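Enquirer: give me the fold of what follows.
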Amino acid sequence: MPCTHLQLMVPGLAAFLLAAPAGAQPSAKPLDRTEVAVGQPLKLNLRAGSILNIKGVNAHLELTRAAGSETIVTATLDAAATEPRVEMIQEEGVVTICTVYVSPNPKKPNECRPGGKGRLTEGVKRNSPFAHFRIDIPDGLRFFAQVFEGNLKSEVGASEVNLKTTIGDISIVDNGSPRIDADAGLKGNLTALISADERQAERFVSLKVTAGDLKVTIPTTVPISYTIISDASINTPYPLEKPLGAMRMGKLGPAGATRVFLSLTSSSLMGHITLAPQRR
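Expert: Numbering: from 1, shown residues only. The predicted structure follows:
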């Protein structure tokens, strides 16, 4: 019989969706749980260094740089859709927002939980309605997004971003994030434009694809240390160091202390990496 539930289609999906962001530890205290009104902006006053974690199944996300100090989350659904509901859990320094679908199995209800706990995928199908998030993020926030199917687009400022989708594309325009982690999962493309922002002494960028195209544009004015892992050839005008197995390591840009540590990974022969300089 054909698989209909997402958790049967992709082994380990539940563990992937519920992976806890670094620094987010589940609390033993009663959870502060709130249902988020769909179509209405949710305004959050989060201190710098706080974590906002979005956990979804079918979901598209668009991240932008906030005009002020508030974090604003606006969730909408597909036209005429009545689910999923959107739920928020608040703990000290951590806000978790989940898409929660109705489970057909009363013994296995879907539930939003922080960290690595909870169940979100019971009864969800590939054609289940999508949630759509627009999130305005002020500088200094730590943002984590984990979805099964959906596209993720980020144009934040000096905020840490960690983006994962199993099926979907990721697009990143960097404006000085101290750390960027992005993984396009099993099937998806990833494009990233890395800025020359020098507000941090060191910045870290880690980008991964499996069966898609990874296209990265880097500045030419800052020293960059790179690690590239791929069994396929790299499409680039740069004279990269010779590979040791599937790995290449070296430096690009002007001399001096490294400002950007860049890691690019293509984990199958179906993935392709393009590394290009910014054109002035």
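
Enquirer: and Ile72, that's in a helix?
Expert: No. Using DSSP: H, G, I helix; E, B strand; the rest coil, the assignment for Ile72 is strand, not a helix.

Enquirer: quick one, what contacts it?
Expert: Counting by CB atoms under 8 Å, 6 or more residues apart in numbering, Ile72 touches Pro41, Leu42, Lys43, Leu44, Ala66, Ile135, Asp136. For the C-beta atoms, the positions are set from N, CA and C on the backbone; glycine is no exception.

Enquirer: and it, how far is that from Thr191?
Expert: 25 Å (CB to CB, to the nearest Å).

Enquirer: on the strand side of things, show who the residue nearest in space to the middle of the chain bridges to.
Expert: Central residue of the chain (CA atoms, centre = their mean): Leu163, 0.8 Å from the mean position. For Leu163, the beta-bridge partners are Ala145, Ala182 (DSSP bridges).

Enquirer: output the below-cut-off pLDDT ranges for the stretch 151-280 of the chain.
Expert: When residues are selected by pLDDT under 70, those of the stretch 151-280 of the chain lie in 280.

Enquirer: any idea how far the helix or strand harbouring Val161 is from the middle of the chain?
Expert: Taking DSSP states H and E as the criterion, the element that holds Val161 is strand 160-167. Averaged C-alpha coordinates place strand 160-167 at 2 Å from its chain's average position (CA atoms, centre = their mean, to the nearest Å).

Enquirer: please apply the same query to stretch 243-263.
Expert: With CA atoms, centre = their mean, you get 23 Å for stretch 243-263.

Enquirer: stretch 262-275 now?
Expert: Here stretch 262-275 is found 17 Å from its chain centre; the criterion is CA atoms, centre = their mean.

Enquirer: and that stretch, what's buried?
Expert: Buried residues in stretch 262-275, defined by neighbour count with 16 or more other CB atoms under 10 Å: Leu262, Ser263, Leu264, Thr265, Ser266, Ser267, Gly271, His272, Ile273, Leu275.

Enquirer: what's the first-to-last distance across that stretch?
Expert: Terminal residues of stretch 262-275 are spaced 11 Å apart (CA to CA, to the nearest Å).

Enquirer: what does stretch 150-158 give?
Expert: 24 Å.

Enquirer: buried set for that stretch?
Expert: In stretch 150-158, counting by 16+ other CB under 10 Å, buried: Gly150, Asn151, Leu152, Lys153, Ser154, Val156, Gly157, Ala158.

Enquirer: what does that stretch contact?
Expert: 56, 58-65, 130, 137-140, 143, 145, 161, 163, 165, 167-173, 175-178, 182, 197, 199-200.

Enquirer: tell me which entries of these lie within strands.
Expert: The strands, defined by DSSP state E, take in 59-65, 137, 143, 145, 161, 163, 165, 167, 170-173, 182 from these.

Enquirer: any chance of a markdown table for the contacts of Ile72, columns pLDDT and neighbour count?
Expert: Output for the contacts of Ile72, formatted as a markdown table (pLDDT from 0 to 100; neighbours: other CB atoms under 10 Å):
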| residue | pLDDT | neighbour count |
| --- | --- | --- |
| Pro41 | 97 | 12 |
| Leu42 | 97 | 18 |
| Lys43 | 97 | 12 |
| Leu44 | 96 | 17 |
| Ala66 | 97 | 18 |
| Ile135 | 98 | 24 |
| Asp136 | 98 | 19 |
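
Enquirer: of the residues you listed, which pair is most distant in space?
Expert: Leu42 and Ala66 (12.9 Å; CB to CB).

Enquirer: hang on, the earlier thing: what's the strand holding Val161 packed up against?
Expert: Under the contact criterion of 3 or more CB pairs under 8 Å, 6 or more residues apart in numbering; DSSP states H and E, strand 160-167 touches helix 13-17, strand 142-149, strand 152-155, strand 170-173, strand 179-183.

Enquirer: what's the angle from that strand to strand 59-65?
Expert: 160 degrees (axes from the mean of the first three to the mean of the last three CA atoms, to 10 degrees).
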